[in-house]
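Student: What would the 3D arrangement of this be:
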Amino acid sequence: GGGAGGFREGRASGDSYTVSPSNAPAGITVSAQTYPITVGGGGAAGQYPTSNPNGGNGSNSVFSTITSAGGGGGGNANNNSNGDPGGSGGGAGDDDGAGGTGGSGNTPPVSPAQGNDGGPAASGSGGGGGGGAGAAGATGPAPSNNGGAGGVGAYVPDGFIGPDAPSFGTPGPVSSTRYFAGGGGGGSRDTAPSSGGTGGSGGGGAGGESNPSTAGAAGSTNTGGGAGGGGNSPGSGGTSNAGGSGIVMIRYKYQ
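Tutor: Okay, the predicted model is just below:
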């Protein structure tokens, strides 16, 4: 599964809204001027067959001095295929019972961390889940051949967004919030019955299944969620299964 794009938040201390663990309490000061904004995305899923490369990283999201790294690409269906590093790391690929390690999250490093590691692939499991902003990707449960779940994302309170909050992100474990930057689920192996891993809250795509093969789901738009890995024989991923585009949210008080 592809890793989520980096989640970075800066709100000044004394803000009345609930803050996520990813909040940098200093915030930033803005002035009345033009700011170039770049919207990136989550990592793409790894591919099958084994001759294909890793899914590829998403691109960065930028506002002013804050850069959130694109998500790490998921490993392909090849023995010891590692996930790529990124805002959150991509999950490892798996084939014939062997697997690699998940990509490193929070790459490049910032504080608070912008993401978590992708999940490894164990003997007898499917691909690892992509890392999310709130948790690492999981290893698929062996010997089920299932894919690992994507890591949960991080949240923004409904009140920060306003009345249109339900139009953004996804629900998650913390009530009255919207989640972003969830990791993609790992794809399953080719031994039936097996299933792909669930995508992490925050737009991570679910992993695909095998026999019959299905593609994983793309990351959700405007969340930075990672893509779900494709089930092999002959599953799909990569460019046909991309990470979700990111989002930049700005709330300011005129002074």
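Student: Run through this structure and note the low-pLDDT ranges.
Tutor: 47-52, 78-80, 95-98, 191-192, 233-240, 255 (pLDDT under 70).
Student: Counting neighbours, what do you get for residue 112?
Tutor: Look at residue 112: counted by other Cβ atoms under 10 Å, it has 16 neighbours. In this view, the C-beta of every residue, glycine as well, is placed from N, C-alpha and C.
Student: helix, strand or coil for it?
Tutor: Residue 112 carries the three-state label coil when classified by DSSP: H, G, I helix; E, B strand; the rest coil.
Student: excluding its backbone neighbours, what's nearest it?
Tutor: Using Cβ to Cβ, 6 or more residues apart in numbering and skipping residues adjacent in sequence, the residue nearest residue 112 is residue 22, 5.0 Å away.
Student: cool, residue 127 as well?
Tutor: Once flanking residues are discounted, residue 127 sits nearest to residue 186: 3.3 Å by Cβ to Cβ, 6+ apart.
Student: cool, and residue 146?
Tutor: residue 140 (4.8 Å).
Student: and the one you found, what does it touch?
Tutor: Applying Cβ atoms under 8 Å, 6 or more residues apart in numbering, one finds that residue 140 lies in contact with 94, 119, 121-122, 125-129, 146-148, 186, 188, 197.
Student: nearest to residue 158, of these?
Tutor: Nearest to residue 158 among the contacts of residue 140, counting by Cβ to Cβ, is residue 129 at 26.8 Å.
Student: and the gap between the closest one and residue 32?
Tutor: Distance of residue 129 to residue 32, given as Cβ to Cβ, to the nearest Å: 43 Å.
Student: more crowded one of these two?
Tutor: residue 129 (46 against 5).
Student: so who does the more buried one touch?
Tutor: By Cβ under 8 Å, 6+ apart, the residues touching residue 129 are 1, 91, 118-119, 137-140, 147-151, 183-186, 197, 200, 204, 207.
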